[in-house]
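> whatever this is, show me its structure:
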Amino acid sequence: MNETMNTILNRRSIRAYKEDQLKEEELQTIIEAGKFAPSAINEQCWHFTIIQNKELLHKINKACKEIMIKSGNKMFAERAKDENFSVLYNAPTFIIISGDEKAVAPQVDCALAMENMFLAAEAMNIGSCWIHAVINLLGTEEGKALKEELQIPEGFAPYCSAAFGNKAADSSKAPRKEGTVTILR
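Below you'll find the predicted structure:
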């Protein structure tokens with residue numbers, strides 16, 4: 001099997017990270033991978049917000065937990081009430097991808113960029129995990145000020161966000177669902 005398929009088949013969502021920050025070269029490789037994702041009519045409508053500031057990461061985590069408590073979802077609320085729970089899994093790097101709201105397919109373009117970033121990270125044995133709670137937060141009234149603090153450009157909406165860092169533990173392979181493919185010949 002080739003290296004690309006091995007990377008795809010071995011990538012898992014990692015929910016435990018070491019404290020040490022990504023090396024600058026690793027971060028730049030992940031960003032570059034995102035920039036080279038396919039996009040509708042090659043608009044490249046994305047904007048990448050990279051957060052490595054510990055205080056800002058703590059602020060995002062705290063705000064997400066508050067939203068989870070108020071969500072009406074009992075499971076989310078219970079998790080968020082646990083003082084040791086981190087929405088970001090204590091990852092040292094957090095990336096938000098926003099897309100130009102006037103683009104042809106910004107949500108899809110941003111998701112493709114995030115997937116490229118996940119695969120680049122895995123190829124370097126760096127963990128990653130999709131974190132949708134931050135996207136939910138940024139869509140609320142409480143999240144508007146934070147969106148400004150994160151310097152998300154005017155006219156851009158956040159569509160994807162993920163934690164990145166050195167793996168503190170590996171994750172097991174989840175079984176694949178059956179009945180998800182139809183081939184018409």
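
> ramachandran angles for the spatially most central residue of the chain?
Central residue check for the chain by CA atoms, centre = their mean: the C-alpha nearest the mean position is that of residue 162, 1.6 Å away. Backbone torsions of residue 162, given as degrees, to the nearest 10, read phi -160, psi 150.

> surely it and residue 118 touch.
Yes. Counting by CB atoms under 8 Å, residue 162 does reach residue 118; the two are 7.1 Å apart. Quick note: C-beta positions are derived from backbone N, CA and C, even for glycine.

> returning to what we had before: so the residue nearest to the centre of the chain bridges to which residues?
residue 95, residue 130 (DSSP bridges).

> next up, the contacts around it.
94, 95, 114, 117, 118, 128, 129, 130, 131 (CB atoms under 8 Å, 6 or more residues apart in numbering).

> so, low pLDDT: which residues of this structure?
By pLDDT under 70, the chain has no low-scoring segment.

> show me where it has its strands.
Secondary structure of the chain by DSSP state E: the strands cover 46-51, 93-100, 126-130, 156-166.

> residue 125 contacts residue 164, doesn't it?
No. Applying CB under 8 Å, one finds residue 125 not in contact with residue 164, separated by 11.9 Å.

> who has more neighbours out of the two?
residue 164 (25 against 11; other CB atoms under 10 Å).

> and residue 101, how far is that from residue 151?
17 Å (CB to CB, to the nearest Å).

> could you check which of the two has the larger neighbour count?
More neighbours surround residue 101 than the other of residue 101 and residue 151, with 13 against 8 (other CB under 10 Å).

> show me what contacts the nearest residue to that one once chain neighbours are set aside?
With CB to CB, 6 or more residues apart in numbering as the measure, residue 157 is the residue that lies nearest to residue 101, at 5.2 Å, once sequence neighbours are left out. By CB under 8 Å, 6+ apart, the contact set of residue 157 is 98, 99, 101, 106.

> surely the first one touches residue 156?
Yes. Distance between residue 98 and residue 156: 4.0 Å, which falls inside the contact criterion (CB under 8 Å).

> all helices of the protein, in order?
Ranges of helices in the chain, per DSSP state H, are 3-10, 24-35, 54-70, 74-81, 106-123, 133-138, 141-149.

> now the angle between helix 54-70 and the fourth one, please.
Helix 74-81 and helix 54-70 are oriented at 140 degrees to each other (axes from the mean of the first three to the mean of the last three CA atoms, to 10 degrees).

> so what does helix 74-81 touch, helix or strand wise?
Here helix 74-81 touches helix 54-70, going by 3 or more CB pairs under 8 Å, 6 or more residues apart in numbering; DSSP states H and E.

> report the angle between the helix it packs on and strand 93-100.
Going by the same axes, to 10 degrees, helix 54-70 makes 70 degrees with strand 93-100.
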